[in-house]
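>>> no sequence for this one, just the structure:
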Ligand code: SF4
Ligand code: SF4
């Protein structure tokens, strides 16, 4: 969804957003119930994930990928890759199986004092910490609307607003 501002080649050599330190576990991928059902048993990708089903948000159930058991050291800087990350090919999930959250990263829809906003996670090395004109234009055109629409039916993707995340839309 961000192909206008993110090239496949920059993501292929980076993969930062598909590995998680302990302090980033709040960002691990969230999946709708039907995708959890599919990916937690034998599936077309040949990789089975472990999920924790969460309480419903506005009546919608979802699962969070469990990665916290994969750390091997106590080092807070240790990163563990997402279960669905292939070191050579990148994310192996296709189409609707890929979490919407992952498709829009480093954008996030967040709740800031009761108001929904689209904000930029400032840690993507390619996009950077300051939204470019191109990114702002993209959010203000069709993408922002699409994110708001998705959040209406999948409210669990809405995260609590974090300071220093520039608001775009
Ligand atoms: S952090 Fe940014 S550049 Fe790196 S893989 Fe994720 S979206 Fe691509
Ligand atoms: S589901 Fe795919 S895009 Fe999302 S974190 Fe895992 S490997 Fe990355």
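Cool, the structure landed. Given the structure is predicted, the values throughout are model-derived calculations rather than measurements. Ligands and ions are numbered 1, 2, ... in the order given.
>>> Can I take it that residue 165 is in a strand?
No. Counting by DSSP: H, G, I helix; E, B strand; the rest coil, residue 165 is located in no strand; its state is coil.
>>> residues from the chain in reach of ligand 2?
Applying C-beta under 6 Å from any ligand atom, one finds that the chain approaches ligand 2 through 18, 29, 82, 84, 85, 91, 93, 98, 99, 102. For every residue, glycine as well, the C-beta is placed using N, CA and C.
>>> In helices, which of those residues appear?
The helices, defined by DSSP state H, take in residue 102 from the residues of the chain next to ligand 2.
>>> Just the ones of the residues of the chain next to ligand 2 in strands?
85, 91 (DSSP state E).
>>> and which of the residues of the chain next to ligand 2 is nearest residue 114?
residue 99 (25.1 Å; C-beta to C-beta).
>>> before we move on, the earlier item: and the two most separated of the residues of the chain next to ligand 2?
Between any two of those (C-beta to C-beta), the greatest distance is 12.6 Å, for 85 and 99.
>>> Settle it for me: which of these two has more neighbours?
Neighbours around residue 85 and residue 99, counted as other C-beta atoms under 10 Å, are more numerous at residue 99. The numbers are 23 against 18.
>>> show me the contacts for that one.
29, 30, 31, 35, 93 (C-beta atoms under 8 Å, 6 or more residues apart in numbering).
>>> Tell me how far the strand or helix carrying residue 138 lies from the chain's centre.
If you go by DSSP states H and E, residue 138 is part of helix 133-138. Taking C-alpha atoms, centre = their mean, to the nearest Å, one finds helix 133-138 lying 20 Å from the centre of the chain it belongs to.
>>> Buried ones in that helix, by neighbour count?
Under the neighbour-count criterion of 16 or more other C-beta atoms under 10 Å, helix 133-138 has 135, 138 buried.
>>> any idea how far residue 121 is from residue 162?
For residue 121, the distance to residue 162 equals 8 Å [C-beta to C-beta, to the nearest Å].
>>> Among the contacts of residue 99, which pair sits farthest apart?
Longest span within the contacts of residue 99, C-beta to C-beta: 30 and 93, 13.0 Å.
>>> Please identify which of the contacts of residue 99 is nearest to ligand 1.
Nearest to ligand 1, judged by C-beta to the nearest ligand atom, of the contacts of residue 99 is residue 29 at 12.6 Å.
>>> okay but that closest one is in contact with residue 65, surely?
Yes. The pair residue 29 and residue 65 passes the contact test of C-beta atoms under 8 Å, sitting 5.1 Å apart.
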